[in-house]
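Asker: A structural model of the following input is requested.
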Amino acid sequence: MKNLSFPTVKLGNFIREVKEKVKNLDLSQDNFTVYGVTNTDGITVTNNRASDDLGNYTVLRENQFAYNPYRVNVGSIGLSSPGTFGAVSPAYVVFETNGQISNEFLLYYLKSTLGINLIKWYGNRGGVRSALRFSDLKKIDFPDISLEQQNKLLIKIKKLDELLCELYKNLSADKIEILRQSILQQAVEGKLCEQDPNDEPASVLLEKIKDEKERLVAKKKIKKQKLLPPISEKEKPFDLPKGWIWCRLGELLTDLKYGTSVPCSYEVNGVPVLRIPNINTERNCIDLNDLKFAALSEKETSDLSLKNNDILLIRSNGSATLVGRFALVEDDYETLCYAGYLMRIRTLYVNNKYLNIISNARYFRQLIEVPIRTTTGVKNINASEVSRLLIALPPLQEQERIVAKFELLNTLCNELEGTVSNANKYASQLMEAVLQEAISLQEAAKSAQVIESYPEQITSETELIAAARGKIRVDTWEHLCKRALEIAGEES
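Answerer: Take a look at the predicted model:
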């Protein structure tokens, strides 16, 4: 770890670990709120079911920090809000300050690039998976400045944070999302590709699916499904092109199966089990990182195995925006199963990449989210509700054309997002440089890289905007950081 350019003191002088257990409280455990931590939202209510031994969970109260020792190196740490009372997994570290430092300033510091680097340094366990124990946290170097100075600096940082948020609005991230939704809407309305009159109509495809399902039922390979209600004209959100048809998702399915309820753990013992964290909801795909394992019987392993072209659906979550999200399985996973908060979808004669795409369309999300928004706590969608979801079904050949066109356009959107992400990185560097300069009152570190040069004269405010866009004309960080501090310190 290189030497820091400002005086420091060990964080251990200001923090103490909290080890209060639920079992030591004279309270019912039936309705105990369980919290989790993410790198984006901090401490939030989790839908993960507590283990049977909730008594060993750590009590979390207001104004306390919590983090997973294995995930804090990516910023997964949070500060509990006023009124918080619940519990976190015993695997989490919970701590509080002694009042001599600012909680908010400490959170900003630990989540900054500088703080993350310190976490990685002190949490490095050699060849073993990195983990920041509380004993390691105490070793972290903290700015040796008074509480009053921390609070003053916190005001400046927040102002600068607001400034950067304004800058982000100019980065077209929202416009990219609007573009994605426009492409999706065109796809589901049949406006993304030209219709071919030679395509076999979707109504014929639907009859083929029905006939094949009846054959499979007769051979006892699948179970007979319940009759689905007819689709009324009022239900149809828009008109479809010739050759398309409205149908219910259940009409396309041969199987709709919940996952296992057997508890999982990180101990590599048994079968790997996909959970909600393994569903990449941005890309609608499977993420095999952060796997847990469960001791499943041979039959359950076989019943819950995954095949290429299966779809996993999130059926239960605390967030309505996550419920009903799809993830396409693009390989055979005979020894990989999935947990009870997920549901497996299998279809016949349909391009599941098309279903995966339209699952993010506005009309489809409204069918899922609107009915469950009024419910409190964990949001759910059951098998019957999934089966009744409306699908705008094109001919099979057009499904394939839509998928090809969408993937091409989606690649373009991803490239645009990469540009925005790069810009955000430089904006983050700007914040980091300002933080270090403000603490040390010394010259900010000069950038080792000239990102882009502009011959024309531009104002300091424009330079800040250019910084957020990753296009910096200034020769050093010093001038940029100085101006940022001036803006942050200006009276509103």
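
Asker: All the helices of this protein, residue numbers only.
Answerer: In the chain, the helices defined using DSSP state H lie at 103-111, 113-123, 134-137, 147-168, 173-188, 202-218, 298-303, 352-358, 362-372, 383-387, 396-440, 460-468, 477-489.

Asker: And those helices, which one averages the lowest pLDDT?
Answerer: Taking the mean pLDDT of each of those, the lowest value is held by helix 460-468, a mean of 41.

Asker: Go ahead and confirm G123 touches Y67.
Answerer: No: contact status for G123 versus Y67: not in contact, 10.7 Å apart, counting by C-beta atoms under 8 Å. For every residue, glycine as well, the C-beta is placed using N, CA and C.

Asker: Neighbour count for these two, which is higher?
Answerer: The neighbour count for G123 versus Y67, taken as other C-beta atoms under 10 Å, is higher for Y67 (26 against 20).

Asker: quick one, what contacts the nearest residue to the more buried one once chain neighbours are set aside?
Answerer: The shortest distance from Y67 to any non-neighbouring residue, by C-beta to C-beta, 6 or more residues apart in numbering, is to I77 (4.0 Å). With contacts defined as C-beta atoms under 8 Å, 6 or more residues apart in numbering, I77 is in contact with 37, 39, 42, 65-67, 107, 110-111.

Asker: If any of these are buried, give me the ChimeraX selection for them.
Answerer: In ChimeraX, the members of the contacts of I77 classed as buried (16 or more other C-beta atoms under 10 Å) are selected with the following command:
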select :37,39,42,65,66,67,107,110,111
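
Asker: Kindly reformat the contacts of I77 as JSON lines containing distance to N280.
Answerer: Rendered in JSON lines, the data for these read as follows (distance: C-beta to C-beta, whole Å):
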{"residue": "V37", "distance to N280": "19"}
{"residue": "N39", "distance to N280": "15"}
{"residue": "G42", "distance to N280": "21"}
{"residue": "F65", "distance to N280": "28"}
{"residue": "A66", "distance to N280": "25"}
{"residue": "Y67", "distance to N280": "23"}
{"residue": "L107", "distance to N280": "27"}
{"residue": "L110", "distance to N280": "26"}
{"residue": "K111", "distance to N280": "23"}
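
Asker: what sits in contact with each of G123 and Y67?
Answerer: Overlap between the neighbourhoods of G123 and Y67 consists of L132, taking contacts as C-beta under 8 Å, 6+ apart.

Asker: What pLDDT does the model give the residue nearest to Y67?
Answerer: At I77, the pLDDT value in this model is 96.

Asker: next one: Q64
Answerer: You'll see Q64 listed with a pLDDT of 98.

Asker: Would you mind confirming that it is in contact with P82?
Answerer: No: applying C-beta under 8 Å as the test, Q64 and P82 come out as separate, 11.2 Å apart.

Asker: out of those two, which sits in the busier spot?
Answerer: When Q64 is set against P82 and neighbours are counted by other C-beta under 10 Å, the residue ahead is Q64, at 21 against 6.

Asker: Count the neighbours of T33 for me.
Answerer: Other residues within reach of T33, judged by other C-beta under 10 Å, total 14.

Asker: need the contact list for it.
Answerer: Contact partners of T33, counting by C-beta under 8 Å, 6+ apart, are 45, 85-87.

Asker: Adding neighbour count and pLDDT, write those residues out as CSV.
Answerer: Conversion of these to CSV gives the following (neighbours: other C-beta atoms under 10 Å; pLDDT from 0 to 100):
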residue, neighbour count, pLDDT
V45, 15, 90
F85, 13, 94
G86, 19, 92
A87, 24, 93
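
Asker: In strands, which of those residues fall?
Answerer: Among those, the members falling in strands are 45, 85-87 (criterion: DSSP state E).

Asker: the strands in the stretch 251-400 of the chain, which residues?
Answerer: Secondary structure of the stretch 251-400 of the chain (DSSP state E, counting those that start in this stretch): strands at 253-258, 271-274, 279-280, 285-286, 292-294, 311-314, 316-317, 326-328, 337-338, 342-347, 379-380, 390-393.

Asker: highest average neighbour count across those strands?
Answerer: Between the strands of the stretch 251-400 of the chain, strand 337-338 has the highest mean count of neighbours, a mean of 28, where neighbours are mean count of other C-beta atoms under 10 Å.

Asker: Report the strands that pair with it, each with its relative direction.
Answerer: Partners of strand 337-338 in the sheet, by DSSP bridges, are strand 271-274 (parallel).

Asker: Need the CA coordinates for the strand it pairs with. CSV is fine.
Answerer: Once side chains and other backbone atoms are set aside, the C-alpha atoms of strand 271-274 remain, and they are given as CSV (Å, rounded to 0.1, in the frame of the first residue of the first chain):
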residue,chain,number,x,y,z
VAL,A,271,-25.4,-29.7,-6.0
PRO,A,272,-24.9,-26.1,-7.1
VAL,A,273,-28.1,-24.1,-6.9
LEU,A,274,-29.0,-21.0,-8.8
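
Asker: Outside of that strand itself, list whatever touches it.
Answerer: Residues outside strand 271-274 that contact it (C-beta under 8 Å, 6+ apart): 259-260, 262, 264, 286, 291-296, 301, 306, 312, 335-339, 342.

Asker: what is the mean pLDDT for that strand?
Answerer: Over the span of strand 271-274, the pLDDT mean works out to 95.

Asker: switch to numbering from 13
Answerer: Noted, 13 is the first residue going forward, which turns the last one into strand 283-286.

Asker: So what's the gap between that strand and the chain middle?
Answerer: Taking the mean C-alpha point of strand 283-286 and that of its whole chain, the gap between them comes to 20 Å (C-alpha atoms, centre = their mean, to the nearest Å).

Asker: How about stretch 414-424?
Answerer: That offset, for stretch 414-424, works out to 22 Å (C-alpha atoms, centre = their mean).

Asker: Let's see that stretch as PDB, backbone CA atoms only.
Answerer: Only the C-alpha atoms of stretch 414-424 are listed here, as PDB (Å, rounded to 0.1, in the frame of the first residue of the first chain):
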ATOM      1  CA  ILE A 414     -36.700 -10.100 -34.600                       C
ATOM      2  CA  VAL A 415     -34.100 -11.800 -32.400                       C
ATOM      3  CA  ALA A 416     -31.400 -11.200 -34.900                       C
ATOM      4  CA  LYS A 417     -32.300  -7.500 -35.400                       C
ATOM      5  CA  PHE A 418     -32.800  -6.900 -31.700                       C
ATOM      6  CA  GLU A 419     -29.400  -8.500 -30.800                       C
ATOM      7  CA  LEU A 420     -27.700  -6.200 -33.300                       C
ATOM      8  CA  LEU A 421     -29.400  -3.100 -31.900                       C
ATOM      9  CA  ASN A 422     -28.800  -4.200 -28.400                       C
ATOM     10  CA  THR A 423     -25.100  -4.500 -29.100                       C
ATOM     11  CA  LEU A 424     -25.200  -0.900 -30.200                       C
END
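
Asker: before we move on, back to that, which one of the strands of the stretch 263-412 of the chain lies closest to G67?
Answerer: With C-beta to C-beta, the closest approach to G67 among these belongs to strand 304-306: 21.6 Å.

Asker: Can you name every helix or strand that that closest one contacts?
Answerer: Identification of packing neighbours for strand 304-306 by 3 or more C-beta pairs under 8 Å, 6 or more residues apart in numbering; DSSP states H and E yields strand 283-286.
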